[in-house]
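In: when you get a sec, could you give me coordinates for this:
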Amino acid sequence: MNGAISVVIGTKGGTGATTICVDAANALARNTSVAVVDADFAARRSVAVLTDMVRPLDVSRTSANMAIATKNKLTIIEMAASIDGAFTIAQKDVESIALNLIETCDAIIIDAPQPFAAAIRPFVVRAARFVLVVEPTLLGLTNARLVQIELERFGVPRSHEVMILNGRVMRREVSRGDIEDALGLKAIVELPMHGDKKYDRSIEQLAAALMVNPIGKPLLELKPSSSAPIGDRRGSRRRPEEMPSAGESKNGAAPAAASIPAQTRQRDKRDQLKTEINDELTKRLDFNDPTRAVDDAGKMAELRVQVGEVVSEIMGNRTDVGAAEDIAELRQEIIDEALGLGPLEDLLRDPTITEIMVNGPNRVFVERSGKITKTAKRFTSERQLRLIIERIIAPIGRRIDESQPMVDARLADGSRVNAIINPLSLDGATLTIRRFPERRMNSDDLVRIGAVTPELVDFLRAAVEARLNIVVAGGTGSGKTTFLNVLSSFLPPSERIVTIEDAAELSLAQEHVVRLESRPANIQGAGEIRIRDLLRNSLRMRPDRIIVGECRGGEALDMLQAMNTGHDGSLTTIHANSARDAISRIETMVLMAGFDLPVRAIREQIAGAVDMVLQLSRMRDGSRKLVSISEVVGLEGEVVTMQDISRYDQNGLDKDGKVNGSFVFTGVQPMCLKKFQEYGISFDVTSLSKMKVKAASW
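Out: Below is the predicted model of the structure:
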């Protein structure tokens with residue numbers, strides 16, 4: 001036998017792909033042997049339920065992963081019964097099953113919500129056809145086109161794609177002809193609503209189509225199988241930080257001396273090939289506009305499709321590219337370099353990464369969960385890295401050159417960017433990207449991750465509503481901006497809020513928000529607009545609240561004056577190691593304003609303006625916590641006096657290296673309670689006593 005493999009892909013959730021797989025398999029099983037492979041690693045076990053084979057599969061399972069059960073001429077292969085099981089699948093086991101099914105079954109149907117996963121690669125590379133299940137809606141058509149793009153990146157030719165039009169939706173938005181024209185595919189069958197009298201006949205028609213033209217040889221080149229667990233990889237490639245570096249082998253040992261030159265030669269050959277293809281791509285398309293990478297999503301998607309088609313055409317004539325994964329990875333790298341941020345695109349698509357640090361073209365580090373690791377990503381040259389930096393800063397009117405070798409910028413998603421080049425950076429251009437999650441954190445998220453307690457959140461809500469002036473202090477990466485965003489969510493929607501930042505990164509949910517951003521000097525050294533200039537101007541804009549993203553210089557004086565002249569309820573952040581240090585830092589920054597003010601006058605300004613200092617800290621395990629809430633009491637002599645309302649007491653680390661500790665209430669009566677009453681803010685101070693009480697130390 002030589003079983004024909006069909007990979008069935010639901011182009012979006014709810015298209016009914018799994019039901020279609022099972023119904024087609026049942027129709028085929030009446031006359032011939034057929035296998036259905038459930039490759040859904042979310043472990044919903046839909047195939048097992050629809051075929052009523054949950055119990056036989058569980059009986060046959062000897063480990064946490066794959067199970068095989070047979071009923072008459074129908075064989076069911078369940079890749080994983082749980083998400084944990086998916087992480088123990090080895091490719092050599094999958095390949096063994098694939099080869100066995102090809103020899104013993106006439107037809108093999110893969111239910112593949114993720115057709116590019118490494119775990120089903122032995123099936124994918126031998127597939128006779130890729131069946132797209134499409135709904136006749138605009139969303140269905142759009143998602144089908146995205147699946148086609150992914151198939152192209154994987155190296156699947158269009159001749160191996162077919163389409164099923166699932167008409168089970170009540171409202172048809174797009175005609176069959178329009179869908180076929182848009183996708184360049186003919187529908188092999190159009191399924192009516194499930195239960196319609198024509199449904200069974202359509203399934204029979206589909207089953208017959210799946211038996212046509214069984215493939216006789218692999219569709220794509222298949223590398224020798226590896227026994228490495230497939231769950232350790234993302235899609236068809238491993239995470240960058242899991243790739244062995246040039247100085248170690250896969251098992252962590254030092255590589256043989258002869259292998260290093262081979263790796264270098266292969267890398268150089270790949271870089272040369274990319275350069276040749278990029279040169280050819282440049283001849284065909286215009287890449288002179290540096291703003292294209294941050295253009296609107298529609299234009300960007302259109303450009304990616306256009307470039308992808310040209311790259312596919314160019315690479316289709318090459319014989320030295322390699323196997324399917326090599327083709328797909330190289331194609332994606334070229335597209336990313338042409339339109340995006342090159343080697344950084346993969347990292348930017350990873351939501352678990354919070355920081356990307358590029359130390360020259362050959363060293364790229366990332367931070368996950370507070371831990372820094374080195375990746376295998378690299379730039380082909382210093383020139384490519386500089387080009388990526390230019391691509392980031394050009395759309396927002398910033399520049400970087402030898403006369404101004406440092407720059408702060410932002411990405412379209414709000415991520416903060418800092419770059420520094422020669423002659424200040426001695427080992428090549430340095431790029432740092434501070435990532436922010438797609439969904440900004442709220443107070444519930446902070447409670448969930450243990451950064452704060454519900455009682456303290458309620459207290460801070462009342463403090464913001466009662467128009468207290470709050471300074472959020474902490475070290476680099478301690479979460480100041482995130483916490484400031486959370487505090488801003490407590491601002492009343494009826495108030496006019498002005499935000500002032502070096503590089504805009506605050507994201508407020510309120511409607512009446514004015515966002516201001518400073519501007520560096522131009523190439524002639526003119527046109528600079530500083531934060532303190534914007535702060536002074538904001539006082540003429542009738543603000544109810546002023547939020548300064550970060551005070552780091554003379555603008556601290558203007559901020560204090562604003563807080564002391566009727567603009568209470570303002571928020572800002574500063575870098576400091578403790579609440580007491582935060583007061584000293586403000587004093588120092590006021591002196592940086594260039595005015596010869598007496599120290600006592602400055603401290604009087606601070607004592608009269610700042611109501612509360614929130615100290616954040618990044619702990620040893622990478623977590624962030626609100627380590628203290630300190631209230632500014634007043635001025636005694638020439639000393640600004642403060643009292644702690646709460647703090648975080650750390651009690652070492654547990655066996656997993658996680659911080660042990662608890663949030664405690666000092667028992668001090670907050671002076672701001674009077675202001676809460678004046679503004680009619682409801683807050684039960686006894687709620688703080690529900691926390692562990694520990695006397696304040698003075």
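In: count the neighbours of Tyr679 for me.
Out: The number of residues packed near Tyr679 is 12, by other Cβ atoms under 10 Å. Quick note: C-beta positions are derived from backbone N, CA and C, even for glycine.
In: could you find the closest non-adjacent residue to it?
Out: Ala466 (4.6 Å; Cβ to Cβ, 6 or more residues apart in numbering).
In: just to check, the one you found is in contact with Ser682?
Out: No: using Cβ atoms under 8 Å, Ala466 is not in contact with Ser682, being 10.6 Å away.
In: can you pick out the residue with more neighbours from those two?
Out: Legend: neighbour count by other Cβ under 10 Å for Ala466 and Ser682, higher for Ala466 (21 against 9).
In: contacting residues for the residue nearest to Tyr679?
Out: With contacts taken as Cβ atoms under 8 Å, 6 or more residues apart in numbering, Ala466 has the following neighbours: 672, 675-676, 678-679, 681.
In: just Glu631 next, same as before
Out: 611-612, 642-645, 668, 670-672.
In: same deal with Arg434?
Out: 354-355, 415-417, 477.
In: out of the residues you listed, who's nearest Phe154?
Out: The closest of the contacts of Arg434 to Phe154 turns out to be Ser415 (Cβ to Cβ; 28.4 Å).
In: now do the phi/psi pair for the closest one.
Out: phi -60, psi 140 (degrees, to the nearest 10).
In: burial count for it?
Out: Ser415: 19 neighbours (other Cβ under 10 Å).
In: and it, how far from Gly622?
Out: Remark: distance between Ser415 and Gly622 (Cβ to Cβ, to the nearest Å) = 19 Å.
In: repeat that for Ile353.
Out: Taken as Cβ to Cβ, the span from Ile353 to Gly622 is 13 Å.
In: what about these two, which has more around it?
Out: Counted by other Cβ under 10 Å, Ile353 and Gly622 do not tie: Ile353 has more neighbours, with 21 against 17.
In: correct me if wrong: that one contacts Arg368.
Out: Yes: between Ile353 and Arg368 there is a contact under Cβ under 8 Å: 5.9 Å.
In: which neighbours do those two share?
Out: By Cβ under 8 Å, 6+ apart, no residue touches both Ile353 and Arg368.
In: on contacts alone, who are the packing partners of the helix or strand hosting Ile392?
Out: Assigned by DSSP states H and E, Ile392 belongs to helix 382-393. Here helix 382-393 touches strand 406-410, strand 416-420, strand 430-434, going by 3 or more Cβ pairs under 8 Å, 6 or more residues apart in numbering; DSSP states H and E.
In: quick one: closest of those strands to Glu555.
Out: Counting by Cβ to Cβ, and looking across all of those, nearest comes strand 406-410 at 15.1 Å.
In: in the closest one, what's buried?
Out: By neighbour count with 16 or more other Cβ atoms under 10 Å, strand 406-410 contains the buried residues 407-410.
In: between the residues you listed, which is closest to Glu173?
Out: Nearest to Glu173 among those, counting by Cβ to Cβ, is Arg410 at 37.2 Å.
In: looking at that closest one now. What's its pLDDT?
Out: Note on Arg410: pLDDT of 81.
In: pretty sure it is touching Val417, no?
Out: Yes: using Cβ under 8 Å, Arg410 is in contact with Val417, at 5.9 Å.
In: among the contacts of Ala466, which one sits closest to Gly155?
Out: Ile681 (61.9 Å).
In: which of the contacts of Ala466 lies closest to Phe663?
Out: Cys672 (18.6 Å).
In: residues touching the closest residue to Lys71 other than its chain neighbours, list them.
Out: Closest residue in space to Lys71, ignoring its immediate chain neighbours: Met53 at 6.3 Å, by Cβ to Cβ, 6+ apart. Residues in contact with Met53 (Cβ under 8 Å, 6+ apart) are 69, 71, 76.
In: phi and psi next, for Met53.
Out: Phi and psi for Met53, reported as degrees, to the nearest 10, are phi -130, psi 30.
In: and what of Ser646?
Out: Taking degrees, to the nearest 10 as the convention, Ser646 sits at phi -150, psi 160.
In: cool, and Ile164?
Out: Torsion angles, degrees, to the nearest 10, at Ile164: phi -110, psi 130.
In: surely it touches Pro192?
Out: No: contact criterion Cβ under 8 Å: Ile164 and Pro192 do not qualify, at 12.0 Å.
In: looking at these two, which is more packed in?
Out: Ile164 (26 against 14).
In: who are the contact partners of that one?
Out: Applying Cβ under 8 Å, 6+ apart, the residues near Ile164 are 20, 131-134, 187-191, 206.
In: which of the buried residues of strand 406-410 lies closest to Ile392?
Out: Ranked by distance to Ile392 (Cβ to Cβ), the buried residues of strand 406-410 are led by Ala409 at 5.6 Å.
In: how much space separates that closest one from Arg176?
Out: For Ala409 relative to Arg176 (Cβ to Cβ), the value is 47 Å.
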